[in-house]
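>>> give me the fold of what follows.
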Amino acid sequence: MSQFIESSAPFPLPLVLDDEQQVDKTPDGPTLKLPLELFRNILEEVASTRDPKARNHILYNLLLTSRYLYLEARRLLYRDIIFVHNSSVAGLIVNALRAGAAKYVHSFRVEDFVAVSERYSRTATQFFDLPLYRMGWLRSLDLSGSEITSSVTPRIMTFLPDLIRADSLVSFHARLSMDSHILQFLERQRNIQFLTIHRLYTPVSTLRTPRLMPKLKRLTLHVLTQDNHFQDFVEDRPITVFRFDSFHLPHYWSTFAPRLHALDMSMYSPPSHLLDGFIQTFAMAAINLRLLACFEISYLSGAVPVTMPAVFRKLRNLPHLEILIVSFTADSIGEFDVMTIPEVIGAHPKLKSIFVTQRRSRERPDNTIAHELQYTSESGWISTRRDGTSRADLVELSLEKLGLAYGY
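Numbers count the residues shown, from 1 in each chain. Now for the predicted structure:
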């Protein structure tokens with residue numbers, strides 16, 4: 001999973017100049033006695049930590065430690081960035097990007113989106129001020145952390161093609177409906193493997209064009225509509241990882257489902273009385289799943305049951321399933337016996353990992369009781385606490401483990 005510079009970083013971000021001779025102005029520090037390649041591996045390991053603030057702090061200190069580490073630490077410090085508009089350090093990040101750091105950026109996420117608006121002063125940092133044209137290595141652009149109004153969409157999609165090279169992105173994420181403006185931009189990005197979009201909303205004929213993301217393997221679609229848009233979009237694309245957040249499955253489901261290796265419904269929470277029919281529907285069709293992130297099972301006026309609902313026996317119909325993620329929300333949690341999950345599912349040829357999260361109603365998604373169940377031939381099923389781990393992180397970690405986390 002990508003890690004990022006957050007705009008709430010606990011230190012002032014350094015300005016990075018294009019002149020490589022600036023490295024001589026950094027502290028000499030001790031002479032490295034290990035091969036530089038080994039130190040690069042160590043820095044990459046630091047950059048992979050899941051705590052972005054700790055990561056940034058360590059890399060920043062290393063950047064100031066030695067001229068030998070300066071270039072490599074600087075590269076990793078600016079590789080993945082979360083940019084929050086009108087935050088206390090937004091201006092510092094923009095200055096650093098303009099001073100040369102933009103050439104290190106591979107992944108750029110924008111939050112609290114601010115286009116040009118009279119509500120903000122002329123000195124405020126706005127989206128159209130960002131030096132995207134200098135990000136020659138940009139592979140992932142994420143606008144999904146912002147609510148973007150439809151009135152601004154045409155200008156954004158006119159703005160982006162002039163700044164982002166054709167066929168350079170491998171992932172693009174936005175909470176926008178796919179209209180003609182977005183379509184024109186995506187037709188120029190034929191290497192995209194991972195797309196997040198709010199809904200499909202464009203003439204059906206245009207979704208069939210072979211120029212539109214022919215390498216797309218992972219799709220997140222927040223809203224499914226009961227029309228032909230979905231079929232025309234997915235039919236000729238190699239999508240094997242799919243996430244959706246609505247209850248209704250598309251008409252094309254029975255044909256599309258067998259192609260999937262991973263299905264994520266974890267952000268949807270159906271009433272408990274609908275479980276049987278819903279599980280039956282996807283379990284009988286998505287027979288090649290290796291990962292299933294099941295919907296959050298909600299008990300709004302009671303407690304999570306002590307044992308796993310018997311309806312999950314239907315998961316035996318998924319012979320290739322390796323990882324299962326199940327979530328519960330209720331007014332009262334903590335009494336659920338997680339070891340009843342493998343008992344209910346029964347003997348399974350490939351299932352080796354089960355993640356279970358429990359959350360009280362109206363609490364944050366990351367405020368959870370979490371367990372990881374792992375199976376070994378020597379010890380059977382073993383349970384380990386993973387409290388505080390979000391469902392989103394569990395899904396991403398599982399996709400990475402299976403080699404299905406396409407895109408940057």
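>>> where are the low-confidence patches of the stretch 101-250 of the chain?
114-125, 202-205, 226-227, 247 (pLDDT under 70).
>>> how about a cut-off of 50?
116-122 (pLDDT under 50).
>>> find me the pLDDT at Tyr68, would you?
In this model, Tyr68 is scored at 72, pLDDT.
>>> doesn't it lie inside a helix?
Yes. Counting by DSSP: H, G, I helix; E, B strand; the rest coil, Tyr68 is located in a helix.
>>> would you agree it is in contact with Arg40?
No. Using Cβ atoms under 8 Å, Tyr68 makes no contact with Arg40, being 10.6 Å away. In short, each C-beta sits where N, CA and C put it, glycine included.
>>> who has more neighbours, the two?
Ranked by neighbour count (other Cβ atoms under 10 Å), Tyr68 and Arg40 place Tyr68 first, with 18 against 14.
>>> tally of neighbours for Glu37?
When neighbours are counted by other Cβ under 10 Å, Glu37 registers 8.
>>> actually, His371.
By other Cβ under 10 Å, neighbour count at His371 equals 21.
>>> let's verify it: helix, strand, or coil?
strand.
>>> which residues does it contact?
338, 355-356, 383-386 (Cβ atoms under 8 Å, 6 or more residues apart in numbering).
>>> ok, now Leu212?
Taking Cβ under 8 Å, 6+ apart, one finds 183, 186-187, 206 in contact with Leu212.
>>> closest one of those residues to Pro349?
Leu186 (39.3 Å; Cβ to Cβ).
>>> which residues are in contact with Pro250?
224, 226, 230-231, 256.
>>> give me the phi and psi for it.
phi -70, psi 160 (degrees, to the nearest 10).
>>> quickly note the distance from it to Leu221.
9 Å (Cβ to Cβ, to the nearest Å).
>>> which neighbours do those two share?
Phe230.
>>> show me which positions of stretch 60-74 end up buried.
Going by neighbour count (16 or more other Cβ atoms under 10 Å), the buried part of stretch 60-74 is 60, 62-63, 65-66, 68-70, 72-74.
>>> apologies, that question was intended for stretch 381-400.
Result for stretch 381-400 [16+ other Cβ under 10 Å]: buried residues 381, 383, 386, 389-391, 393-399.
>>> dump those to TSV, plus distance to Leu216 and secondary structure.
Shown next, in TSV, are the buried residues of stretch 381-400 (distance: Cβ to Cβ, whole Å; DSSP: H, G, I helix; E, B strand; the rest coil):
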residue	distance to Leu216	secondary structure
Trp381	36	strand
Ser383	37	strand
Arg386	31	coil
Thr389	28	coil
Ser390	26	coil
Arg391	24	helix
Asp393	24	helix
Leu394	24	helix
Val395	18	helix
Glu396	18	helix
Leu397	22	helix
Ser398	20	helix
Leu399	15	helix
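>>> which SS class is Glu296?
strand.
>>> pull the number of nearby residues for it.
Quick note: Glu296 (other Cβ under 10 Å) scores 19 neighbours.
>>> not counting residues beside it along the chain, what's closest to Ile297?
Phe328 (5.1 Å; Cβ to Cβ, 6 or more residues apart in numbering).
>>> on the three-state scheme, that neighbour is what?
Applying three-state DSSP: Phe328 is strand.
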